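**Q** dropping the sequence and predicted coords here.
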Amino acid sequence: MYSQALDERHPDEGHEGRALDDAALLARFDERVAAEEKVEPNDWMPAAYRKTLIRQISQHAHSEIIGMQPEGNWLTRAPSLRRKAVLLAKVQDEAGHGLYLYAAVETLGIAREELVDQLLTGKAKYSSIFNYPTLTWADIGAIGWLVDGAAIMNQVPICRCSYGPYARAMIRICKEESFHQRQGFEIMLTLSRGTDAQKAMAQDALNRWWWPSLMMFGPHDGESVHGEQSMKWKIKRFSNDELRQKFVDATAPQAEFLGLRVPDDELRYDDTTGHYVFGEPDWSEFAAVLRGEGPCNEQRLTHRRRAHDDGAWVREAAEAHAAKRRTAESVA
Amino acid sequence: MSKNWPLWEVFIRSRNGLHHSHVGSVHAVDAEMAVENARDVYTRRGEGVSIWVVPSAEIVASDPRDKASLFEPALDKVYRHPTFYEIPDEVGNI
């Protein structure tokens, strides 16, 4: 979003007095952020703030793109035309969300091609949740209900992020995510009111997606690497543990409504605190999936690389067509 | 991608009678593809009735560092606003 031109002629302060200027700029920046002012692409920002945003927004974008795969897996096998149309719309939304976010991260002065490259080479991370397989149709319901539900918990506060383009992209995304979560819950509701086999399928999906969904909020606050600084910069508004608690509080009664059992023996409502008490996710599993040892890590990246390679001729043809048209216009 | 495709800024008229507003950006090899991509990315829920795309490189932006000199002179000219003037109630709407 037209940030590049100004970014490039940035080192205009020269070397002398640079440190002093930077200290003043930093103080001004911290003041603005504390006052809830939005930071825009051409504004001065600390290098670490830029770096943190590039990492977070691009991971987020990659997650949307990779997230198309587990759901795309059921496009041809959706149980009805209605479900198929809905799932198609949802997968298209994921692509759209990826693109909003790539556009937002590009305003920080990194090229789209570089971002794509980071994903394809495995240099960039994406949400570990998408490294789990979608084994049955009920998984599509569980993803919408739990995974998109967790994503909404995470993302609603980012609508107030200090970085303008990211905040604006998130507002758009959150509006659309609401459809995702509701359609997922509707699938779960239909299955849980269906035959015994359908209900068992819904329960099985909940069993497999519950813990990975809780892990989506990241490690405990004390172990979170970027947490504190991100809170100070108002990139993040709530800690990982706060968000996880909110998610459990919202979701546990929904499971009860569905007549399904959350796979956690320690889960109970605490009258005194007004919150649910819940068990500990298996953090060694989380670490393993992050290391690339999840059930589908290899498959997801291989598929994305193949799709990128298979699409090369389309990109080349588009470029050749545009070049030909430009030549024709300049001759005419 | 073989090379960086140009970036285009997207403006959408959300309803008849409103002006086009900036909604985001897309990459495309030419204007036609930019309109198509903008349509796919930014109007999946009937958000618009018209799209403009503009090459991002063609946009000239004011420098944030000039903010004070450009915009502050307007701040102390409160007499440019109708509420600056006191009109007796008896006069009615004016």
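**A** Received the coordinates, thanks.

**Q** spatially nearest residue to whatever residue of chain B ends up closest to chain A, not counting backbone neighbours?
**A** Across chain B, no residue is closer to chain A than B:Val29, which sits at 3.8 Å (CB to the nearest CB). (Each C-beta comes from the backbone N, C-alpha and C, glycine too.) Nearest non-adjacent residue to B:Val29, counting by CB to CB, 6 or more residues apart in numbering or on different chains: A:Ala322, 3.8 Å away.

**Q** ok, the one you found - contacts?
**A** Neighbouring residues of A:Ala322 by CB atoms under 8 Å, 6 or more residues apart in numbering or on different chains: B:29-30, B:33.

**Q** list buried residues within those.
**A** Among the contacts of A:Ala322, those classed as buried by 16 or more other CB atoms under 10 Å in any protein chain shown are B:29-30, B:33.

**Q** quick check: which element contains the residue minimising distance to the centre of chain A?
**A** Among the residues of chain A, the one closest to the centroid is A:His60, at 3.8 Å (CA atoms, centre = their mean). Assessed by DSSP states H and E, A:His60 sits inside helix A:47-66.

**Q** that helix - contacts with which helices or strands?
**A** In this structure, helix A:47-66 packs against helix A:81-106, helix A:112-120, helix A:227-232, helix A:297-310, with contacts taken as 3 or more CB pairs under 8 Å, 6 or more residues apart in numbering or on different chains; DSSP states H and E.

**Q** any buried residues in stretch A:229-246, and which?
**A** Buried residues in stretch A:229-246 (16+ other CB under 10 Å): A:230, A:233-241, A:243-246.

**Q** how about those, which pair is most distant?
**A** Maximum pairwise distance in the buried residues of stretch A:229-246, criterion CB to CB, is 22.8 Å, between A:Trp233 and A:Gln245.

**Q** contacts for the helix-or-strand element of chain B with minimal mean pLDDT next, please.
**A** Lowest by mean pLDDT, DSSP states H and E among the helices and strands of chain B is helix B:67-71, with a mean of 90. Identification of contacts with helix B:67-71 by CB under 8 Å, 6+ apart yields B:Ser62.

**Q** show me where chain B has its helices.
**A** For chain B, the helices defined by DSSP state H cover B:31-42, B:67-71.

**Q** want to throw those helices into JSON lines with distance to A:Pro263?
**A** Formatted as JSON lines, those follow (distance: least, CB to CB, whole Å):
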{"stretch": "helix B:31-42", "distance to A:Pro263": "38"}
{"stretch": "helix B:67-71", "distance to A:Pro263": "55"}
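
**Q** winner for burial among those?
**A** Of those, the one with the most neighbours on average (mean count of other CB atoms under 10 Å in any protein chain shown) is helix B:31-42, at a mean of 18.

**Q** how far away is whichever residue of the stretch 201-332 of chain A sits closest to chain B from B:Val54?
**A** At 3.8 Å from chain B, A:Ala322 is the closest residue in the stretch 201-332 of chain A, using CB to the nearest CB. A:Ala322 is 17 Å from B:Val54, where distance means CB to CB, to the nearest Å.
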